[in-house]
Structure formats: C-alpha cells, structure tokens
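Q: how would this look folded up:
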Amino acid sequence: MIYFGLYLYQRQNKYLTISDGWIKKNSPFGKKIKLGEVDRIRKFAGDYILKTDSKEFVINTLIIAPESIKDLDGELQKLDVVWY
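A: Residues are numbered from 1 along each chain as shown. Model prediction:
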C-alpha cells in the first residue's frame, strides 16, 4: 500500500519544480535548495550535483523527460557558477 501511495504521489507531482529562485524535489520528504546559493555544478553519470557551502543536491536525470532536461539545462546555464 505504501508503494502504491508513493507511486500515486509521484505520478501527480513531477520530480522537480523550479520556481521563485528555488529548486525542489517533489517527494514526501523532498529537499530544496536556493539557486542563488549554488557555488558549483557537477555533471556525473547522468546526474547533476548542485553544491553549496553546506548542502549537496543531486538530480537524477534518468527520471526526467527528455524535453524537460532541456529546460533544466537552460535554467542551470543561467547560473553564474563553476561547472566541473
């Protein structure tokens, strides 16, 4: 029952939301991070790893639809941060 409930929740709410300067994972205990605080972005094994001084935020691109990845890339390219 828990897995079915989690499936319905994820089906209703997309994996990521970017709004008002924040990026948030839409899960029951999802993380969020302020885009203005991101210092570094690393692309590794299909994931984006956004780092601040105190946090790390991992985005799994295998879950995201291909057309939405282009939107995500565009938003991340707007940030003035170090890519490595």
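
Q: could you report the separation of D47 from I69?
A: Distance, D47 to I69, by C-beta to C-beta, to the nearest Å: 12 Å. Where you see a C-beta, it was placed from the backbone N, CA and C, and this is true even at glycine.

Q: can you give me the strands in the chain?
A: 16-19, 22-25, 32-34, 40-44, 47-51, 56-60, 82-83 (DSSP state E).

Q: out of those, flag the one nearest Q10.
A: strand 22-25 (10.4 Å; C-beta to C-beta).

Q: in terms of secondary structure, what does the closest one contact?
A: If you count contacts as 3 or more C-beta pairs under 8 Å, 6 or more residues apart in numbering; DSSP states H and E, strand 22-25 packs onto strand 16-19, strand 32-34, strand 56-60.

Q: any stretches of the chain with poor pLDDT?
A: The model of the chain has no residue with pLDDT under 70.

Q: quick one: contacts for the residue nearest to the spatial centre of it?
A: Centroid-nearest residue in the chain, with C-alpha atoms, centre = their mean: I59, separated by 4.2 Å. Contacts for I59 (C-beta atoms under 8 Å, 6 or more residues apart in numbering) come out as L16, I23, K25, D47, Y48, I49, L50, L72.

Q: circling back to that earlier point, please enumerate the shared neighbours of D47 and I69.
A: Shared contacts of D47 and I69 (C-beta under 8 Å, 6+ apart): T61.

Q: tell me which of the two has more neighbours.
A: Counted by other C-beta atoms under 10 Å, D47 and I69 do not tie: I69 has more neighbours, with 15 against 12.
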